[in-house]
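Colleague: Give me a 3D structure for the following:
(one chain, ligands or ions: 1)
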Amino acid sequence: MKEACFRRQMFRSVLIHLPIIACLATGQWHLALIVFGITFVVMTYGILSPGTRLFGPVTTHIRPPGVLITIDDGPDPETTPVLLDLLDRHQTKAVFFLIGDRVSRWPHLAREIAARGHAIGNHSQTHPAHLFWLLGPWRMWSELADCQQSLGEVLGVQATWFRAPVGHYNAFTHPVARALGLRLMSWSCRGFDGTERNVDLVLKRIRRGLKPGAIVLLHEGRPGSPAVLEGTLQAVQAKGLKAVPLAEAGIYTRAHHKLSK
Ligand SMILES: [Zn+2]
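Modeller: Numbers count the residues shown, from 1 in each chain. Predicted coordinates for the structure are as follows:
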């Protein structure tokens with residue numbers, strides 16, 4: 001499966017570079033440079049845009065009017081128990097995108113998340129936040145596959161959804177994910193709570209993006225994580241929206257332009 005996946009990707013890579021190769025072969029150096037520049041700009045846009053479908057299908061919304069709460073970067077011994085109690089109090093089910101290494105380190109927390117009825121997604125094995133978009137095919141495979149294995153060992157099931165660290169991915173991500181039975185989920189609403197410590201500012205941004213069908217991106221493991229989740233759940237209620245479990249969310253995949261369960 002791994003080799004077939006890489007062969008297909010290598011073939012696609014050659015196809016993408018065919019115009020440049022053709023220009024070079026016919027001695028048109030200036031044209032080759034221009035084509036290379038255009039390819040570079042397009043690829044950079046694809047890498048830096050969390051919801052782009054340049055490399056393949058990415059889910060950014062669910063069926064309105066529901067909203068989907070997603071929480072990245074756990075499990076975390078400080079925040080996971082608090083967030084789980086908060087979600088219970090608001091009778092809300094979320095999707096936790098877990099990091100494989102952290103699942104192996106705190107398996108009881110991963111099991112508790114699943115036991116409370118939340119969905120679990122793959123958020124890579126080591127979360128190489130600043131380098132993920134630069135990974136080659138072999139490391140891309142190990143990041144996704146090792147996390148699947150960690151989840152399987154601890155929970156007895158593997159994830160069906162993957163979220164890229166920081167939302168930046170490259171041309172290798174989709175073929176690897178597809179070969180491992182994973183679909184990519186991005187988001188449509190976020191407050192940058194992964195880096196911003198001002199909870200009021202985070203919640204202001206989240207309220208702005210909170211619309212029917214939104215997928216909300218939150219993080220755990222930060223001092224403000226409980227306050228951000230509490231404020232987000234209150235905002236959902238104040239706007240007359242309802243946070244739905246993943247199993248009840250109609251998934252909207254931009255590349256397919258249709259709703260599917
Ligand atoms: Zn993350």
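Colleague: so where's the protein uncertain?
Modeller: Residues of the chain that meet the criterion pLDDT under 70 lie in 2, 5-6, 9-10, 12-14, 16, 39-54, 252-261.
Colleague: need the next SSE after the longest strand along it, C-terminal direction.
Modeller: Using DSSP state E to assign secondary structure, the strand with the most residues in the chain is strand 66-74. The first helix or strand that comes after strand 66-74 along the chain, using DSSP states H and E, is helix 80-89.
Colleague: Buried residues in that next one, which are they?
Modeller: Thr80, Leu83, Leu84, Leu86, Leu87 (16 or more other C-beta atoms under 10 Å). The C-beta positions use only the backbone N, C-alpha and C, and glycine is treated the same way.
Colleague: same thing with stretch 185-195?
Modeller: Of the residues in stretch 185-195, those with enough neighbours to count as buried (16+ other C-beta under 10 Å) are Met185, Ser186, Trp187, Ser188, Cys189, Arg190, Gly191, Asp193, Gly194.
Colleague: what do you get for stretch 92-110?
Modeller: Quick answer for stretch 92-110 (16+ other C-beta under 10 Å): 92-100, 102-104, 106, 109-110.
Colleague: So which of those residues sit within helices?
Modeller: When the buried residues of stretch 92-110 are checked against helices using DSSP state H, the ones located there are Gly100, Arg102, Val103, Ser104, Leu109, Ala110.
Colleague: Any residues of this protein in contact with the ion? List them.
Modeller: If contacts are counted using C-beta under 5 Å from the ion, the residues of the chain sitting beside the ion are Asp72, Asp73, Pro165.
Colleague: one step back: what two of the ones in helices among the buried residues of stretch 92-110 are the furthest from one another?
Modeller: Of all pairs drawn from those, the one with the largest separation by C-beta to C-beta is Gly100 and Leu109; the distance is 13.3 Å.
Colleague: picking up where we left off before, could you dump the buried residues of stretch 185-195 into a markdown table and include secondary structure?
Modeller: Formatted as a markdown table, the buried residues of stretch 185-195 follow (DSSP: H, G, I helix; E, B strand; the rest coil):
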| residue | secondary structure |
| --- | --- |
| Met185 | strand |
| Ser186 | coil |
| Trp187 | coil |
| Ser188 | coil |
| Cys189 | strand |
| Arg190 | strand |
| Gly191 | coil |
| Asp193 | coil |
| Gly194 | coil |
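Colleague: Just the closest of these to the ion, please.
Modeller: Distance to the ion across the buried residues of stretch 185-195 (C-beta to the ion) is lowest for Gly194, with 6.7 Å.
Colleague: ok, how many other residues are close to the spatially closest residue to that closest one that is not a sequence neighbour?
Modeller: Leaving aside its chain neighbours, Gly194 sits nearest to His219 (4.5 Å; criterion: C-beta to C-beta, 6 or more residues apart in numbering). The number of residues packed near His219 is 24, by other C-beta atoms under 10 Å.
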